[in-house]
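Student: next comes the sequence, and after it the predicted model I'd like to discuss.
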Amino acid sequence: MLLQRFGFLLRPSGDIEIERGIRTLLAITVPIIIGDILDRSEVGLMVGLAAQTLILADVGGLYCLRAKTLVATTIGMALALIIGTLASAWLGLTVVIVFCGLFLAGYLTVYGENGALAGVVISLLLLFAVSLPSGDIIVALQRAGIAVLGGGWTIFLALFIWPFRPNQPLRQVTAENFQGIATYLRSLPLHSRYNAHEEPYFDQIRQLLLRSRKTVTLTRRGRWGKNELRELLIVLIEDSDRINTSLIALRELLHLHPLPQLTTVGILLEDILVQVAEISEDIAWLILGRNKQPDCERLQLLLKAIEQQKNLQAKVLENAEDDYSSYVAISQLNNRLKKLFKQLKIASETAQHLRQSENFSDKKNPWQRNFEGIEKEYGQEKAWWEPLKSNFNLESPLFRHGLRLGLGSALGVLIYNKLGITHSFWIGLTLVIVLKPDFSLTFQRFFNRVFGTILGSFFVLALLPIIDNSIWLEIIGVISIAIALALVRFHYSLAVFFITIFALIISRLDASNDGINLEYIRIVYTLIGSALAFVLSFGFLRVNEDERFSLAAIKALEANQVYFQSVMAVYLGESSYQTAILSSHRNKARRANTTMQTALQRLIDDPSTPFPQMEPAITLSNYIPRFGRGVTVLLTELEQYRGSPPHPDLSLFTQQITQALTQLTQALQANNPPSLLPPLEDTLENILDHLQELREERLVEIGHQKEGTNLQKYLGDYNIVTTELVELSSRVGVMNTAIDRFIRS
């Protein structure tokens, strides 16, 4: 049992990122070489170290977000060095500055992976500044200038020379899902689409889906906070699953109702499936970063032709009742194809937003997706201070993480000042790296850090008597940090081993450290920093051990259900539009979603969590907030809502969504697979049909130049609302299947 608990010390947990290691090597060696050429070796080394530190903040993702993160982090590094240099002369001020600075840096986790790593980098620079001898404003600006030079080099390297794409494996498998659909549709002639020869193709598509979900888990492990690129890819994975399910349903329909007598329908169906294959392939190329424009208009024309064939078959029925089975078949075929078209359109728009949002100049929201118009996000969603504001309370695990980090760092400063020890930066560095928002990951980092540091320190002790040439030692140190960053996702203990080699060798190159037992000091300071992190994570504002992902998901479902009901009550005329109350429900749902993200990380990083359970948990934690964002779109529309009477089925749809969310909550509470969802699609079909009839009536009004009618007001109130209801329904469906997989795994 003990060996199983600590097996993570020796067990790989991800993939080797060779590109990250090579890029790190470039980041640190180029400034060193330039410094040697200009006879400013020390400055070159410091610029290289600053560049290597900033590279930690580049976790990949959307290009524009990476650029903003790197620029903002560089500015943060410079400010940290200035403030730390000026404050370090007074112990009391240093403690206050470190507490506030580290709290804010830890609190940046509210901005996802990019914010979390940016906070780590800024924390390290602030702790490094206060550990150096104090200086005046000139010294502070000199140190900040070195950070800016290093940051500028990293930005140039990361954004223009060699953009690192750690999410490329997930991109690849997501694209393969759509490519697999295209391959299936192109590999079989129409007359073979109904026999057993197609089974291997569907099996291959299912295997691709399973592989992509496994990759989602692998790319999520060990990382904190959300990543918009990964979330968009998760959405596309689920879209590919829905498209595949629609194709299976279409195949079953054709098994039951072959259409040999309807030649025209057969020809149209052949063209439709070819077009579906082309759109699927274009989506795959978009996911991989190519410029493609899926042609959904031709598919829509073909669907209209199928609709005409259905109407023609209805006329035939007037004279030949024995053709009723053909009418039923073509009607069902028409409905299945319309559903498939909607799914393809949604996936196509998501893939296009994924591609466009990587352009720095593109201002579109990557979450915009619908099949009739662009979703409009609630205005306050875009405010940069909203995540900070909504998490500024003890209920937020990210707020608690910031407090732990600030308190631990302040204690570290007091410890090394009272003891008068040198190289005190190593205590704070260890604390920042080891302390995470959840205890499970902190627990692992604690032992990984100590284990790797001890091995690395003894390796350097054995290496120094053999190699005493400073140039060779510098080369070994630089190569070690490159290897470390290539291994940090693959095997953290091994990465710490190489980080320790780098840190000790760089310190040994400083002549002022002659005669100091740096290797033993490194071990002791690592133990002090790790112990502080462990104690704070275990005993300070820690969530109870029995709180697991299911409880957090239940609270998130309940909060989003209340949010949904409060917004829909206005549309149903059951309550008035009260901004304060609705905003309160929205903020509670946001906090519950953030808490669920924290619980997700704890679940993933717990060594005892079964691997198959991780992917559905990731999917669920992605789709519950997406459901909340959909409700926010409905809230936005209330600003222009003019009080039209609701559709007769709108109340039923609201009841069904509420019932579905209640069923999902009960499934998690009882740890039993969820019950069948209410017939949401049938209700939506009635709402959409009714809306389409009203649109046709409105066209007649427009022809008679009638403005300001009740019909115009009704359509203005419900056009976008109805579109968003379709999205909410699909999200509930994905949540249902994710919970089913989570419970069964």
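Tutor: Now that the structure is in, tell me what you want to look at.

Student: would you mark the buried spots in the biggest helix by length in the chain?
Tutor: Across the chain, the longest stretch assigned as helix under DSSP state H is helix 710-744. Neighbour counts using 16 or more other Cβ atoms under 10 Å place 714-715, 717-718, 720-743 of helix 710-744 among the buried residues. For glycine as for every other residue, the C-beta is placed from the backbone atoms N, C-alpha and C.

Student: measure the residue most central in space within the chain to His647 for me?
Tutor: Closest residue to the average C-alpha location of the chain: Asn227 at 2.9 Å, with Cα atoms, centre = their mean. To His647, Asn227 is 38 Å away according to Cβ to Cβ, to the nearest Å.

Student: same check on Arg731?
Tutor: 20 Å.

Student: one step back: check contacts around the residue nearest to the centre of the chain.
Tutor: Residues counted as contacts of Asn227 (Cβ atoms under 8 Å, 6 or more residues apart in numbering) are 59-61, 112-114, 167.

Student: and those residues as a markdown table, adding secondary structure, neighbour count and distance to Leu127?
Tutor: Shown next, in a markdown table, are the contacts of Asn227 (DSSP: H, G, I helix; E, B strand; the rest coil; neighbours: other Cβ atoms under 10 Å; distance: Cβ to Cβ, whole Å):
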| residue | secondary structure | neighbour count | distance to Leu127 |
| --- | --- | --- | --- |
| Val59 | coil | 22 | 21 |
| Gly60 | coil | 22 | 26 |
| Gly61 | coil | 24 | 26 |
| Gly112 | helix | 23 | 23 |
| Glu113 | helix | 24 | 21 |
| Asn114 | helix | 27 | 21 |
| Asn167 | coil | 20 | 30 |
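
Student: which of those residues lies closest to Ala89?
Tutor: Asn114 (33.5 Å; Cβ to Cβ).

Student: which elements pack onto the helix or strand hosting Gly266?
Tutor: Remark: Gly266 resides in helix 263-287, with elements defined by DSSP states H and E. Where contact means 3 or more Cβ pairs under 8 Å, 6 or more residues apart in numbering; DSSP states H and E, helix 263-287 is packed against helix 168-187, helix 228-256, helix 296-317, helix 324-356.

Student: these: which one's closest to Tyr520?
Tutor: Taking those one by one with Cβ to Cβ, helix 168-187 is closest: 40.7 Å.

Student: which other helices and strands contact that closest one?
Tutor: helix 199-220, helix 228-256, helix 263-287.

Student: change it to 10 Å
Tutor: helix 199-220, helix 228-256, helix 263-287, helix 324-356 (3 or more Cβ pairs under 10 Å, 6 or more residues apart in numbering; DSSP states H and E).

Student: how about it: buried residues?
Tutor: Neighbour-count burial for helix 168-187, counted by 16+ other Cβ under 10 Å, picks out 170-171, 173-185.

Student: farthest-apart pair in those, please.
Tutor: Leu170 and Leu185 (23.9 Å).

Student: break down the stretch 51-200 of the chain into its helices, ranges please.
Tutor: 63-87, 91-107, 112-131, 137-156, 168-187, 199-220 (DSSP state H, counting those that start in this stretch).

Student: now render the ones you listed as JSON lines, adding distance to Val460 and mean pLDDT.
Tutor: Output for the helices of the stretch 51-200 of the chain, formatted as JSON lines (distance: least, Cβ to Cβ, whole Å; pLDDT from 0 to 100):
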{"stretch": "helix 63-87", "distance to Val460": "28", "mean pLDDT": "92"}
{"stretch": "helix 91-107", "distance to Val460": "29", "mean pLDDT": "93"}
{"stretch": "helix 112-131", "distance to Val460": "21", "mean pLDDT": "90"}
{"stretch": "helix 137-156", "distance to Val460": "25", "mean pLDDT": "95"}
{"stretch": "helix 168-187", "distance to Val460": "34", "mean pLDDT": "86"}
{"stretch": "helix 199-220", "distance to Val460": "32", "mean pLDDT": "76"}
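
Student: any idea which of those helices is most buried?
Tutor: helix 112-131 (a mean of 25; mean count of other Cβ atoms under 10 Å).

Student: that helix vs helix 199-220, what angle?
Tutor: Calculated by axes from the mean of the first three to the mean of the last three Cα atoms, to 10 degrees, helix 112-131 forms an angle of 20 degrees with helix 199-220.

Student: the inter-axis angle of helix 112-131 versus helix 91-107?
Tutor: 170 degrees.

Student: can you show me the CA trace of stretch 385-403 as CSV?
Tutor: Output in CSV follows, covering the C-alpha atoms of stretch 385-403 (Å, rounded to 0.1, in the frame of the first residue of the first chain):
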residue,chain,number,x,y,z
TRP,A,385,-11.5,42.5,-13.0
GLU,A,386,-14.5,40.2,-12.9
PRO,A,387,-12.6,37.0,-12.1
LEU,A,388,-10.7,38.8,-9.3
LYS,A,389,-13.9,40.3,-7.9
SER,A,390,-16.0,37.1,-8.0
ASN,A,391,-13.3,35.0,-6.3
PHE,A,392,-12.4,37.6,-3.6
ASN,A,393,-13.8,35.6,-0.6
LEU,A,394,-12.8,32.7,1.6
GLU,A,395,-15.2,30.4,-0.3
SER,A,396,-12.9,30.6,-3.3
PRO,A,397,-10.1,28.0,-3.3
LEU,A,398,-8.0,30.4,-5.4
PHE,A,399,-8.3,33.1,-2.8
ARG,A,400,-7.3,30.6,-0.1
HIS,A,401,-4.3,29.6,-2.3
GLY,A,402,-3.2,33.3,-2.5
LEU,A,403,-3.4,33.6,1.3
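
Student: list the buried ones in that stretch?
Tutor: 387-388, 390-391, 396-403.

Student: closest to Thr636 among those?
Tutor: Ser390 (17.2 Å).

Student: let me see the contact set for the nearest residue to that closest one once chain neighbours are set aside.
Tutor: The shortest distance from Ser390 to any non-neighbouring residue, by Cβ to Cβ, 6 or more residues apart in numbering, is to Arg590 (4.9 Å). Counting by Cβ atoms under 10 Å, 6 or more residues apart in numbering, Arg590 touches 381, 386-387, 389-391, 396, 556, 559-560, 563, 625, 628-629, 632.

Student: ok, the residue nearest to Pro437 when sequence neighbours are not counted - contacts?
Tutor: With Cβ to Cβ, 6+ apart as the criterion, Pro437 has its nearest non-adjacent residue at 3.9 Å, and that residue is His401. Neighbour list for His401: 103, 106-107, 109-110, 116, 119, 224, 435-438, 442, 536-537, 541, 598 [criterion: Cβ under 10 Å, 6+ apart].

Student: buried subset of those?
Tutor: Judged by 16+ other Cβ under 10 Å, buried ones among these: 103, 106-107, 109-110, 116, 119, 224, 435-438, 442, 536-537, 598.

Student: please put the alpha-carbon coordinates of stretch 17-36 into PDB.
Tutor: Extracted in PDB, the C-alpha atoms of stretch 17-36 (Å, rounded to 0.1, in the frame of the first residue of the first chain):
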ATOM      1  CA  GLU A  17       8.500  17.900 -24.400                       C
ATOM      2  CA  ILE A  18      11.700  18.000 -26.400                       C
ATOM      3  CA  GLU A  19      10.700  21.200 -28.100                       C
ATOM      4  CA  ARG A  20      10.300  23.000 -24.800                       C
ATOM      5  CA  GLY A  21      13.800  21.900 -23.800                       C
ATOM      6  CA  ILE A  22      15.400  23.000 -27.000                       C
ATOM      7  CA  ARG A  23      13.700  26.300 -26.900                       C
ATOM      8  CA  THR A  24      14.800  26.800 -23.300                       C
ATOM      9  CA  LEU A  25      18.300  26.000 -24.400                       C
ATOM     10  CA  LEU A  26      18.100  28.800 -27.000                       C
ATOM     11  CA  ALA A  27      16.600  31.200 -24.500                       C
ATOM     12  CA  ILE A  28      19.400  31.000 -22.000                       C
ATOM     13  CA  THR A  29      22.400  30.300 -24.300                       C
ATOM     14  CA  VAL A  30      22.000  33.200 -26.800                       C
ATOM     15  CA  PRO A  31      22.200  35.900 -24.100                       C
ATOM     16  CA  ILE A  32      25.200  34.100 -22.500                       C
ATOM     17  CA  ILE A  33      27.000  34.000 -25.900                       C
ATOM     18  CA  ILE A  34      26.300  37.600 -26.600                       C
ATOM     19  CA  GLY A  35      27.400  38.600 -23.100                       C
ATOM     20  CA  ASP A  36      30.700  36.700 -23.600                       C
END
